[in-house]
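Student: Sequence first, predicted coordinates after that:
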Amino acid sequence: MRSLPGELVAYHRAGGQLEGDLGDAEPGWYQLWPLSLIAENNQGYQVEEQVPGYIGIGSDGGGEMIAIAPTGEVVILPFVGMESKEAVVVAASWNAFEKRIKASGA
């Protein structure tokens with residue numbers, strides 16, 4: 001698994017909100033995995049085998065994983081039928097996604 005964006009690690013270490021409502025914009029609800037579980041969850045979901053270069057960082061609380069794409073974009077992917085062609089970009093970068101979290105009041 002490749003390295004997590006430094007800004008994402010810093011967000012976690014600063015005690016950033018791990019779960020909340022983003023309103024009508026995708027993914028709506030977000031649940032970020034604790035740093036200590038990211039590698040384990042990626043292995044369990046076989047992320048590297050199914051979508052090489054992606055790193056799962058959480059879920060929408062339903063059937064989709066929130067991930068960092070090889071491009072650095074934050075995307076959602078279905079847990080079942082996980083394929084890169086199914087990725088939907090929800091933010092251009094972790095920093096952009098973090099701004100959405102903060103703007104939602106979470």
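Tutor: Thanks, I have the structure now.
Student: so what's Leu22 scoring on pLDDT?
Tutor: Per-residue confidence (pLDDT) for Leu22: 88.
Student: State the distance from it to Gly62.
Tutor: Leu22 sits 13 Å away from Gly62, going by Cβ to Cβ, to the nearest Å. C-beta here means a position set from N, CA and C on the backbone, and glycine is covered the same way.
Student: neighbour-wise, which of the two wins?
Tutor: Leu22 (19 against 12; other Cβ atoms under 10 Å).
Student: just the strands in this protein please.
Tutor: 19-21, 29-32, 55-59, 64-68, 74-78, 88-91 (DSSP state E).
Student: For the ones you listed, could you give me TSV that also reports distance to Gly105?
Tutor: Below are the strands of the chain laid out as TSV (distance: least, Cβ to Cβ, whole Å):
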stretch	distance to Gly105
strand 19-21	8
strand 29-32	13
strand 55-59	18
strand 64-68	19
strand 74-78	19
strand 88-91	17
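Student: could those strands go into CSV alongside mean neighbour count and distance to Gln46?
Tutor: CSV is the format used below for the strands of the chain (neighbours: other Cβ atoms under 10 Å; distance: least, Cβ to Cβ, whole Å):
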stretch, mean neighbour count, distance to Gln46
strand 19-21, 13, 24
strand 29-32, 19, 20
strand 55-59, 23, 10
strand 64-68, 24, 11
strand 74-78, 22, 12
strand 88-91, 17, 20
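Student: residue ranges with poor pLDDT in this protein?
Tutor: 1, 106 (pLDDT under 70).
Student: quick one: the helices in it?
Tutor: Assigned helices in the chain, in chain order: 6-13, 35-44, 47-50, 94-103 (criterion: DSSP state H).
Student: Would you convert the ones you listed into TSV that also reports mean neighbour count?
Tutor: Formatted as TSV, the helices of the chain follow (neighbours: other Cβ atoms under 10 Å):
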stretch	mean neighbour count
helix 6-13	15
helix 35-44	14
helix 47-50	15
helix 94-103	16
